[in-house]
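J.: Below are the sequence and a predicted model for it; my questions follow.
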Amino acid sequence: MASHGFYSKSQASCIGVALLFCTSLVIPSFAEPERLEHPAKGDGSLSCLVVGDWGRRGFYNQSHVAFQMGKIGEKLDIDFVVSTGDNFYDNGLTGLNDQAFEESFTKIYTATSLQKQWYSVLGNHDYRGDVEAQVHPALRMVDSRWLCLRSFILNAEIAGFFFVDTTPFVNDYFTDMDHTYDWRGVTPRKAYLDSLLKDLETALSGSTERWKIVVGHHAIKSAGYHGDTKELNDLLLPMLKAYNVDMYVNGHDHCLEHISSLDSPIQYLTSGAGSKAWRGDLNQHYEEDDLRFFYDGQGFMSVQLTKNDAGITFYNAFGKILHEWKALKELHSAV
């Protein structure tokens, strides 16, 4: 055995390997977000539906919302569907063979117009299950529409969609003693969030798309039950303002909601009413920004874009239009 602080060559080699292994555990290298492309229509326009907090095997009016999504999707000739997370209740998927995938997704969204690509982020309820299963490519063999990743970038020609994994931002989930979360691929948390924010900033700063739309599960601004997410206001919002993001789209609060920022062009849009909603959810004292619309029932949202204008429409579970908003890109103002 070596003494006086010196080691044999074989011992030094073993220690070097051990240090390398420990370093790789402490300072992991997180993969850059995947970059995907989806073409716009021949005339350069783009349309999609947005739904969140839906996966309940058709219950709580999920089937009614899905039926109306099919009708509106056909009318608008949508290009794809965006899911804002909490895709499978109450505790995500148990694995690749969980029947909840087909019973809450494939067998519910059956309309011809909805047989388009679905781009999905994870919600906090999804993190209570097997996250690796929900983001696994094998699910695309079960239903080719399904595409769910932690964070990714979608180039849709006139619009860039930036999907952000917001659950790891929220401090409370890491001290929640009542539920178990699947943090594989997320720890160490600080390194994961630093990497995510760095990659997002790179993507936003390099974006040349006409419209910039960021999608996450948790709200930045909300007058609903959960309200604003402090961690996103602190860490994410300054970046969205700095790079002139047009819309932040989320779920989490089980309602439909439109808030306009008072100090930037950002529109905060909540579409988390795909199934179970919370009656009487509105925080009557919400005055931080301009609350344009709030609905505490089930429904979904559509987004229609051209090079120069945007249109947002909210629908209830009967397909009735509840709220519309339009904006001209040049003016950065609503009409």
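T.: Arrived safely, thanks for sending. All of these numbers come straight from a predicted model, not from anything done at the bench.
J.: Give me the nearest residue to Leu149, chain neighbours excluded.
T.: In this structure, Leu149 finds its nearest non-sequential neighbour in Val135, 5.5 Å apart by Cβ to Cβ, 6 or more residues apart in numbering. C-betas here are computed from N, CA, C, even on glycine.
J.: Count the residues that sit near the one you found.
T.: Residues near Val135, counting by other Cβ atoms under 10 Å, number 20.
J.: Likewise for Ala133?
T.: 18.
J.: list the contacts for Thr110?
T.: By Cβ atoms under 8 Å, 6 or more residues apart in numbering, Thr110 lies in contact with 66, 70.
J.: Tell me the secondary structure at it.
T.: Look at Thr110: counting by DSSP: H, G, I helix; E, B strand; the rest coil, its state is coil.
J.: can you give me the mean pLDDT across stretch 31-39?
T.: Stretch 31-39 shows a mean pLDDT of 94.
J.: Numbering from 641 from now on, please.
T.: That works, and once the first residue is 641, the last one we named lands at stretch 671-679.
J.: Pull out the buried residues from that stretch.
T.: Within stretch 671-679, the residues scored as buried using 16 or more other Cβ atoms under 10 Å are 673, 676, 678.
J.: backbone phi and psi for the first one, please?
T.: Pro673 has phi and psi values of phi -60, psi 140 when expressed as degrees, to the nearest 10.
J.: For it, give me its contacts.
T.: Contacts of Pro673 (Cβ under 8 Å, 6+ apart): 789-793, 803, 836, 839-840, 843.
J.: ditto for Lys747
T.: Per Cβ under 8 Å, 6+ apart, neighbours of Lys747: Gly698.
J.: pLDDT score for it?
T.: Lys747 carries a pLDDT value of 98.
J.: measure it to Asp805 for me?
T.: 27 Å (Cβ to Cβ, to the nearest Å).
J.: confidence score at the closest residue to Ser901 other than its chain neighbours?
T.: Using Cβ to Cβ, 6+ apart and skipping the chain neighbours, the partner closest in space to Ser901 is Asp929 (5.7 Å). Confidence at Asp929, expressed as pLDDT, is 80.
J.: What is the neighbour count of Asp929?
T.: The tally of other residues near Asp929 (other Cβ under 10 Å) stands at 18.
J.: again with Gly959
T.: Neighbours of Gly959 under the rule other Cβ under 10 Å: 17.
J.: for it, what are its contacts?
T.: Per Cβ under 8 Å, 6+ apart, neighbours of Gly959: 708, 711-712.
J.: now those: which count as buried?
T.: Applying 16+ other Cβ under 10 Å to these flags 708, 712 as buried.
J.: how about a markdown table for the contacts of Gly959, with pLDDT, secondary structure and distance to Arg768 added?
T.: Output for these, formatted as a markdown table (pLDDT from 0 to 100; DSSP: H, G, I helix; E, B strand; the rest coil; distance: Cβ to Cβ, whole Å):
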| residue | pLDDT | secondary structure | distance to Arg768 |
| --- | --- | --- | --- |
| Gln708 | 98 | helix | 29 |
| Lys711 | 98 | helix | 33 |
| Ile712 | 98 | helix | 31 |
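J.: wait, which of the contacts of Gly959 is closest to Val854?
T.: Ile712 (23.3 Å; Cβ to Cβ).
J.: okay but that closest one is in contact with Gln944, surely?
T.: No. Counting by Cβ atoms under 8 Å, Gln944 is not a contact partner of Ile712; they are 11.0 Å apart.
J.: now the helices for the chain?
T.: For the chain, the helices defined by DSSP state H cover 649-666, 702-716, 740-741, 771-774, 779-782, 829-845, 870-875, 877-882.
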